[in-house]
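1. Structure of the sequence below:
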Amino acid sequence: MLVVEREYGAGGSAIAARIAERLGWKLYDHALTEEIAALAKVNPDMCRKREERVDPFLYRLAKVFWRGSQERSVSLADSDVLDADRLICLTEEVLKKIALEGKCVIVGRAAAWFLRDRADTFCVFLYASRDAKYQRVLAEGKSEAEAIELVDTVDNERREFIKHYFDAEWPARHLYHVMLNTAAGDEPTVDTILQLMDAANRREGGAKS
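-> Down below sits the predicted model:
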């Protein structure tokens, strides 16, 4: 199982998708959000009625999870019915169920924290320079103003989220097997991750023999 955590705009979702395709594993990015929403049994009408009842700070933190999907902002209507405490519980439940299935690539959602005690999980953190992230977000169709706002705020919100719920810094380096700058390009980054995963598997296999 692979967990891909990333800075916003570093290409984490695209890289995770390529890895999942090459391994033939299930990708949990949008699919993870959909499973959480299904478990919460939320719908847009309920969300609109409940939106203003959610604590502003927790609601903003809840948005961090849902904004992270596919490295772009997404509709947050389904998250309005949830406060961040409930969202955390649902996310942990879904992630632990997914982990039992194995052979999957999970993008973000604090998965490195929730699954930190599992020996079968390989965790990577992807980062890039501010300019590289800005250029990537621009290429995905955002305006200059949107790209700047997203690059400058999303990671700060993720940092606040981890601090609030895990009393830890983000990224927490001890959780990751490797931290990679994606400046080399998506395909070289994919190759490097797969090589490191293979080496870790061979090392683990040797240790057990």
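2. the helices in this protein, which residues?
-> With DSSP state H as the criterion, the chain has helices at 12-23, 30-40, 44-50, 56-67, 84-101, 111-114, 130-139, 144-166, 186-208.
3. State the mean pLDDT of the first one.
-> The predicted model assigns helix 12-23 a mean pLDDT of 96.
4. Using TSV, please lay out the helices of the chain together with distance to residue 122 and mean neighbour count.
-> Using the backbone N, CA and C atoms, a C-beta is placed for each residue, glycine as well. Shown next, in TSV, are these (distance: least, C-beta to C-beta, whole Å; neighbours: other C-beta atoms under 10 Å):
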stretch	distance to residue 122	mean neighbour count
helix 12-23	10	20
helix 30-40	17	17
helix 44-50	35	13
helix 56-67	22	19
helix 84-101	12	17
helix 111-114	10	22
helix 130-139	24	17
helix 144-166	20	16
helix 186-208	5	13
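5. What average pLDDT does stretch 109-129 get?
-> Stretch 109-129 carries an average pLDDT of 93.
6. scratch that, stretch 191-208
-> 83.
7. From residue 183, how far out is residue 110?
-> Computed as C-beta to C-beta, to the nearest Å, the residue 110 to residue 183 distance reads 25 Å.
8. follow-up on the earlier one: between the helices of the chain, which one is nearest to residue 124?
-> Among the helices of the chain, the nearest to residue 124 by C-beta to C-beta is helix 186-208 (5.7 Å).
9. re earlier: and residue 178, which of the helices of the chain is closest to it?
-> Closest among those, using C-beta to C-beta: helix 186-208, at 5.6 Å.
10. before we move on, back to that, for residue 120, find the nearest of the helices of the chain.
-> Comparing the helices of the chain under C-beta to C-beta, the one sitting nearest is helix 84-101, at 7.9 Å.
11. Thank you, goodbye.
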